[in-house]
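Colleague: Next input, structure requested:
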Amino acid sequence: MLLGNVIFPLWAILFFHPILLIIVAIGNLLIDSMIALIYVKVKKIEWDREKFIKFVFYIWPAGFLADFAGFLFLLIISWGIHPDIIDFYLIYTSLTSVILFLFAVFFSGVVIYFLDRKIALKFGMDEMDARRFALIMAVFTAPYFMLIPTPGIG
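Modeller: I've put the predicted structure just below:
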């Protein structure tokens, strides 16, 4: 449990107690905050505490939105195109399922990149810093835990 929104695959929310969701949300907030703080300090970006906190509260829900985009991709494939193409619980049972899950994680990372880049620019980062920050967030907070099989949950 080291990275932002990878702590918990969004699609599995339906199977857990709300208290766990609160813990996961707080964990994601802390990790997103830590990554942002390290980046701001290393790059010597001069923000006061209020601006930094506001920034974090913009990027934090953006990560959940990106996770939801990956989940929605899998849901559309599963429900809309071919119901038996994805095994949500034992994702490594077919090459197609593995590829689709890998694409969902990649897609979520791309969404994180574009949302966080836009937010960083809005908060005054220059283009290069915004791109670097967004790339770091995309790589470190993509929902990799989607790739862990969850047999017995459903």
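Colleague: so where is this structure shaky, pLDDT-wise?
Modeller: Low-confidence segments of the chain (pLDDT under 70): 1-17, 81-83, 152-154.
Colleague: Helices along that one, start to end?
Modeller: With helices called from DSSP state H, the chain shows them at 18-42, 49-75, 95-122, 127-141.
Colleague: closest to residue 147 out of those?
Modeller: With C-beta to C-beta as the measure, helix 95-122 is the member of the helices of the chain nearest residue 147 (5.8 Å). C-beta here means a position set from N, CA and C on the backbone, and glycine is covered the same way.
Colleague: picking that back up, I'd like the helices of the chain as JSON lines, with distance to residue 150 and mean neighbour count appended.
Modeller: Listed next are the helices of the chain as JSON lines, based on distance: least, C-beta to C-beta, whole Å; neighbours: other C-beta atoms under 10 Å:
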{"stretch": "helix 18-42", "distance to residue 150": "14", "mean neighbour count": "15"}
{"stretch": "helix 49-75", "distance to residue 150": "13", "mean neighbour count": "18"}
{"stretch": "helix 95-122", "distance to residue 150": "11", "mean neighbour count": "18"}
{"stretch": "helix 127-141", "distance to residue 150": "20", "mean neighbour count": "19"}
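Colleague: Reformat those helices as JSON lines; add distance to residue 151.
Modeller: Putting the helices of the chain into JSON lines (distance: least, C-beta to C-beta, whole Å) gives the following:
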{"stretch": "helix 18-42", "distance to residue 151": "18"}
{"stretch": "helix 49-75", "distance to residue 151": "17"}
{"stretch": "helix 95-122", "distance to residue 151": "13"}
{"stretch": "helix 127-141", "distance to residue 151": "26"}
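Colleague: Neighbours of residue 150, how many?
Modeller: The number of residues packed near residue 150 is 16, by other C-beta atoms under 10 Å.
Colleague: My guess is it contacts residue 101. True?
Modeller: No: judged on C-beta atoms under 8 Å, residue 150 makes no contact with residue 101 at a distance of 11.5 Å.
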